[in-house]
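1. Following is a predicted model, sequence given first.
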Amino acid sequence: MSTLARSPWFYWPVAVTLARGIGLLLSWLWREMHGTGWSAWARGLAVSTIVGYVTYLLGGLTRVHFGISAWAAGAAVAAVVALQLWALAVIRRWAAAHSATVTVLVIGFVLGTPPHSASAQAVAATILECEHQTAGKDRVALCRQVAAVEPRSVRARLALGRALAESGATEDALHEFHVAVGLDPLNADAHYAVGAALTRLGRDSEAVSSFRTAVRLRSGYVDATRGLARALSVSGQPELAIPVSRDLVALAPRDVDSYYILAFALGSVGRLNEALGALETARGLAPRDATVRFDIGGALQRLGRWADALSAFREAVELDPQRADLWGALALTSAQLGHHAEAVAQWNRAQTIDSAYFSTHSEERSVYERSMAAAGPQAPASVGTASAAP
């Protein structure tokens, strides 16, 4: 072997070039699989670059040809990785404040990639800024610019659609999501986005098809399964919603919302005991959630277990004493059990919190008046002035 071939000046550039190439390739794959987030990009680049350098070190070239210790080589690797991560942070700021052309040049300089390869990274950086910018007109405008530059980018279309949806332009968002589906019919996220937009527009029966497709394209897609279960229940198909809801519980056994959806579907077909069981599981997962107690109380009312419902509503108002609807439910249950003075005081408490309570719960007004008459002298003097303990 020639003197040049044995020299560290020969091996080091070759090793760095190979490591950088491996790093860029693996980080690009990481980004494609996990999204455009800079955190994922940085982790992928850092890990893959370290892998490249470690592979180089394990080849024995460091000690044989460099004459330095493994510790010194490791410190050099750490320094290079730190410099790359710092450069990525700088690039992110540049991407937010400068044109795509400048960003391409900066990325090309730092990462050593040709402009045509760096352009995709620049677009990904701009999409990221669009996704994470505070919702509003500026975010929508930025996302529109990205979609105009890359009209066939599914990721750009989805980012624009989400920005539009968050700004309240759901119909426009739905159009962008449909475009994304047209560009990539096998993209589960695009189908899910269509379903979510249709749900927001109240078109749940139409959303079912999109959610089904998303679930079929990606096994274990929790958000799409949740959307499908909810859309089936709301669109009057609870029997179909029940098995999907059970799948959701299996996918997300620690998610309180999963049990709510299952309980709603079961309750819609009169399977109240099973619905109550799902809500009890939700209570175990969220012991400080007043809404869980409220829903348990409602299920117990439907089962005719008024005394148990009273206990559930008492627990609910103890957890959240500033919710008028909880006090109203407690009052209605107290009246059903003949505790009229307590019921009147509890309704008064509801009106103290919300002066328009009986305007939104007009069906309770007549029960309140009957409880006032039944309580007689023990009834509080006037609505809205009394308070009650749970």
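-> Sure, I can see it.

2. What's the local residue count around residue 237?
-> Using other C-beta atoms under 10 Å, residue 237 is surrounded by 17 other residues. From N, CA and C alone the C-beta is placed, and that goes for glycine too.

3. what does the one 3 residues further on give?
-> One way to gauge burial is a neighbour count; for residue 240, by other C-beta under 10 Å, it gives 16.

4. go on, residue 355?
-> 12.

5. Next: residue 307.
-> Other residues within reach of residue 307, judged by other C-beta under 10 Å, total 10.

6. mind checking pLDDT for it?
-> On pLDDT, residue 307 comes in at 96.

7. Just list the residues touching the closest residue in space to it that isn't next to it in sequence, thanks.
-> Closest residue in space to residue 307, ignoring its immediate chain neighbours: residue 337 at 6.8 Å, by C-beta to C-beta, 6 or more residues apart in numbering. Residues in contact with residue 337 (C-beta atoms under 8 Å, 6 or more residues apart in numbering) are 306, 307, 310.

8. now residue 337: how far from residue 153?
-> Using C-beta to C-beta, to the nearest Å, residue 337 is found at 62 Å from residue 153.

9. can you list the contacts of residue 337 in TSV and add secondary structure and distance to residue 284?
-> What follows is the contacts of residue 337, written out as TSV (DSSP: H, G, I helix; E, B strand; the rest coil; distance: C-beta to C-beta, whole Å):
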residue	secondary structure	distance to residue 284
306	helix	23
307	helix	22
310	helix	21
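
10. Kindly reformat those as a markdown table containing distance to residue 183.
-> As requested, the contacts of residue 337 are exported to a markdown table (distance: C-beta to C-beta, whole Å):
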| residue | distance to residue 183 |
| --- | --- |
| 306 | 57 |
| 307 | 59 |
| 310 | 56 |
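
11. Residue 256: which of those is nearest?
-> residue 310 (23.4 Å; C-beta to C-beta).

12. Show me where the stretch 151-300 of the chain has its helices.
-> 154-166, 170-183, 188-200, 204-217, 222-234, 238-251, 256-268, 272-285, 290-302 (DSSP state H, counting those that start in this stretch).

13. buried sites along the first one?
-> Of the residues in helix 154-166, those with enough neighbours to count as buried (16 or more other C-beta atoms under 10 Å) are 154, 155, 156, 157, 158, 159, 160, 161, 162, 163, 164, 165.

14. shaky segments in the stretch 101-250 of the chain?
-> Within the stretch 101-250 of the chain, the segments meeting pLDDT under 70 span 101-137.

15. hmm, try it at 80
-> 101-139, 146, 149-150 (pLDDT under 80).

16. that older thread, got phi/psi on the residue nearest to residue 307?
-> phi -90, psi 0 (degrees, to the nearest 10).

17. mind checking how far it is from residue 310?
-> With distances taken as C-beta to C-beta, residue 337 is found 6 Å from residue 310.

18. do the same with residue 169
-> For residue 169, the distance to residue 310 equals 46 Å [C-beta to C-beta].

19. Looking at these two, which has the bigger crowd around it?
-> Taking other C-beta under 10 Å, residue 169 and residue 310 do not tie; residue 310 has more neighbours (23 against 15).

20. Which residue, other than its chain neighbours, is closest to that one?
-> Excluding its sequence neighbours, the residue lying closest to residue 310 (C-beta to C-beta, 6+ apart) is residue 333, at 4.7 Å.

21. check contacts around that neighbour.
-> By C-beta under 8 Å, 6+ apart, the neighbours of residue 333 are 297, 301, 306, 309, 310, 313.

22. in terms of contact, does the fifth one touch residue 332 like I think?
-> Yep, that's residue 310 we're talking about. No. Residue 310 is not in contact with residue 332 according to C-beta atoms under 8 Å; the separation is 10.0 Å.

23. can you list the domain ranges for this structure.
-> The chain breaks down by automatic domain parsing into domains covering 1-132, 134-185, 318-390.
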